[in-house]
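Visitor: this one's sequence-less:
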């Protein structure tokens, strides 16, 4: 992520990296500080995430904070600065460089329901039974918990963070 990005930008990077495309309730916290969208939740308790630069919170490796998406479902993500690297000339940032497994689908209903779906997915009969129990759900289409679509993630990120310079075509 570029230094000039804000926590608001980081919200979109995290949520798009999990393929969560709804702009749901969320918050960041670091120590006693709580950040979120201005006017979301209890105004005055939160600092505006669009006014806080990542560089101000992540200035050395090991700095961390917590991100909670869908406050009722409590999807928690620990954000840690592992290190810095020089940008690749004409690279597109932010981008996903690695990961494992697909993220929990938006609307799955929290960690317990996600774990139930992952277990059921491994057995065709259990998966069919779970789908019948839940009825039609958008998140069931294309659900593949063991696959990470880095290309899709970076495609989504490029839509919300267009490159300032055109990338060079591979030679």
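Guide: Great, that's in hand. All values derive from a computational prediction rather than experimental measurement.
Visitor: wait, doesn't residue 63 sit right on residue 78?
Guide: No: contact criterion CB atoms under 8 Å: residue 63 and residue 78 do not qualify, at 11.6 Å. All C-beta spots, glycine's among them, are computed from the backbone N, C-alpha and C.
Visitor: who has more neighbours out of these two?
Guide: A count of neighbours by other CB atoms under 10 Å puts residue 63 above the other of residue 63 and residue 78, at 14 against 8.
Visitor: how close does the more buried one sit to residue 150?
Guide: Separation of residue 63 from residue 150 (CB to CB, to the nearest Å): 25 Å.
Visitor: cool, residue 122 as well?
Guide: 23 Å.
Visitor: and these two? Which one has more around it.
Guide: Counted by other CB under 10 Å, residue 122 and residue 150 do not tie: residue 150 has more neighbours, with 13 against 10.
Visitor: how far away is that one from residue 100?
Guide: Counting by CB to CB - residue 150 and residue 100 are separated by 11 Å.
Visitor: please apply the same query to residue 108.
Guide: In terms of CB to CB, residue 108 sits 18 Å off from residue 100.
Visitor: strands of the protein, start to end?
Guide: When assigned using DSSP state E, the strands of the chain occupy the ranges 26-30, 33-36, 47-48, 64-69, 75-80.
Visitor: got the domain boundaries for this structure?
Guide: Following automatic domain parsing, the chain resolves into domains at 7-91+149-160, 101-147.
Visitor: save these as CSV, and put in mean pLDDT and distance to residue 1 too.
Guide: Conversion of those to CSV gives the following (pLDDT from 0 to 100; distance: least, CB to CB, whole Å):
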stretch, mean pLDDT, distance to residue 1
domain 7-91+149-160, 85, 6
domain 101-147, 81, 18
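Visitor: residues in contact with the closest residue to residue 131 other than its chain neighbours?
Guide: Excluding the flanking residues, the one nearest residue 131 by CB to CB, 6 or more residues apart in numbering is residue 140, at 5.9 Å. Under the criterion of CB atoms under 8 Å, 6 or more residues apart in numbering, the contact list for residue 140 reads 105, 131, 134.
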